[in-house]
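>>> got a predicted structure plus its sequence, pasted below:
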Amino acid sequence: MKKLAFLFLIAATVVACKKDDEDTARPVISSVKVNGTVSTEHDVNASETVTVEVYSTDNKELNQLKVEIHSADDGHSHTEGSTEEVLPPNIGVWSDSRIISLSGTSSTNTVEFAIPAAIAGHWHVEVLLIDKDGNEAIEYVTTLHVENSNLPTFAITATPAVTNYEIETVVGGTVVLTGTVADPDGLTDIHVELENEETGEVIFEQELIGVTGTSFDLGTINIGPIATAGHYHLHLHATDALNYMGEWAVDVHVE
């Protein structure tokens, strides 16, 4: 991740070779509060506003602060040598950032982010800081768990079984899905698709008919036989009467 991409804004002010007496001390991200709370994880709701308050210090002069929102569902970690837990795929896309110019040896800054109405899942709040001499603070990262009660919900069983949001099968194999989709506002559409992750080719697609009511039985959906080894993305999209879309998604590895 190019987490310090914003530093190009000040690159011209940083001397390539520092003198012996030049400041080399890192600035410090002293405190980060999300909605008034310091924690490694925060539960929030779609359509709400999330407030991030950052307190920063430096021994000489602060320069820039960046607060960024990005997806956390791919398992990436911000700590070298560690891996995040496997998370379900996010529903919807959301990314945002703020860059704030600073001065002095300490600063408190508050930024607000509007959470989109049609998303759910896990996102990182990443805070980056640099001082006037180009020294970078140790980044701060916390996780937002975005809940959304407006989206359709899924109760699905797959054969072969899903493990850590993945299905393993063989060339010529078939993935079978059964279960239900529910939404209190009423369902209007359910679409199933299997896509080759490398080529983008859709090798299976089905639009379910007769989708109506607050709960819909999928029956038996047979996906396959899958003729070619590779990595695939299987997902169901369900839309309700208010045009909110939910997604059930897994990766399929074919050997």
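Sure thing, it's come through.

>>> how is the chain partitioned into domains?
21-147, 153-254 (automatic domain parsing).

>>> mean neighbour count and mean pLDDT added to the ones you listed, as TSV?
Any C-beta I mention is one placed from the backbone N, CA and C, and that applies to glycine too. TSV is the format used below for the domains of the chain (neighbours: other Cβ atoms under 10 Å; pLDDT from 0 to 100):
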stretch	mean neighbour count	mean pLDDT
domain 21-147	16	92
domain 153-254	16	96
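
>>> just how off-centre is stretch 199-213 within its chain?
25 Å (Cα atoms, centre = their mean, to the nearest Å).

>>> so how far is stretch 216-224 off the chain centroid?
28 Å.

>>> equivalent analysis for stretch 213-230, please.
With Cα atoms, centre = their mean, you get 26 Å for stretch 213-230.

>>> cool, and stretch 247-255?
Counting by Cα atoms, centre = their mean, stretch 247-255 comes out at 18 Å from the chain centroid.

>>> what's in contact with it?
Stretch 247-255 is contacted from outside by 88-89, 91, 154, 156, 158, 162, 165-171, 173, 175, 181, 194, 197, 226, 228-238, using Cβ atoms under 8 Å, 6 or more residues apart in numbering.

>>> name the element E53 belongs to?
Using DSSP states H and E, E53 falls within strand 49-57.

>>> okay, that strand in PDB with CA atoms only?
This file holds the C-alpha atoms of strand 49-57, laid out as PDB (Å, rounded to 0.1, in the frame of the first residue of the first chain):
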ATOM      1  CA  THR A  49     -21.200  10.100  10.100                       C
ATOM      2  CA  VAL A  50     -18.000   8.900  11.700                       C
ATOM      3  CA  THR A  51     -15.800  11.400  13.500                       C
ATOM      4  CA  VAL A  52     -12.000  10.900  13.800                       C
ATOM      5  CA  GLU A  53     -10.100  13.100  16.300                       C
ATOM      6  CA  VAL A  54      -6.300  13.100  16.100                       C
ATOM      7  CA  TYR A  55      -3.800  14.600  18.600                       C
ATOM      8  CA  SER A  56      -0.300  15.000  17.200                       C
ATOM      9  CA  THR A  57       3.000  16.200  18.600                       C
END
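
>>> I'm done for today, thanks for sticking with me.
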